[in-house]
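Engineer: Sequence and predicted model, in that order:
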Amino acid sequence: MNDWKLPWDGGCRCGQVRFRVTAAPLLTMACHCKGCQRMSASAYSLSAAIPTDGFAVTRGEPVIGGLHGATRHYFCPHCKSWMFTRPEGLDHFVNVRPTLLDDASWVAPFIETWTQTRLPAVNTGAAHSYEGFPPFEDYPKLVEEYAKRGPRPG
């Protein structure tokens, strides 16, 4: 079943860095933490958790930006678009900024995190909300529920 109509291609704003997604997302998320608000210059950041073996940079060389800690945030070296994140200790997925996909019409957050710092007027419509990150034991259930939903057009 390929309801997701994979593969997807995407890239930074200037087009110097391009990527391809060949695996369906495990989850989509909106993160309201202060760090995501500042890095995205928005109320929250959107992410699609893509299995690592289903994500590849196909052109250009992204650079590490944002905080230079164990979690790596990758940006285009020219236009500085925040493209994806490789979270510390979670090597089985990559958090891709789904609005950088050539077709992001399907993107909607399934979960929202760090709602304790959500801006008052923001409503994402996410099915599940968490004051911080979901408890680790919630992820298998969330991934299973998201997989059953399949793609939802925007």
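Structural biologist: Okay, I see it.

Engineer: So the nearest residue to Pro25 once chain neighbours are set aside, which state does it fall into?
Structural biologist: Excluding the flanking residues, the one nearest Pro25 by CB to CB, 6 or more residues apart in numbering is Ala48, at 4.1 Å. Glycine gets a C-beta too; all of them are placed from N, C-alpha and C. Here Ala48 is recorded as strand under DSSP: H, G, I helix; E, B strand; the rest coil.

Engineer: again, but for Ala108
Structural biologist: Ala108 ends up coil, using three-state DSSP.

Engineer: Kindly report the same for Asp53.
Structural biologist: helix.

Engineer: re earlier: residue contacts, the residue nearest to Pro25?
Structural biologist: Taking CB atoms under 8 Å, 6 or more residues apart in numbering, we find Ala48 in contact with 21, 25, 27-29, 95-96, 98, 107.

Engineer: Which pLDDT does the model give the residue nearest to Val107 when sequence neighbours are not counted?
Structural biologist: Nearest residue to Val107, sequence neighbours excluded (CB to CB, 6+ apart): Pro98, at 4.5 Å. Looking at Pro98, its pLDDT is 96.
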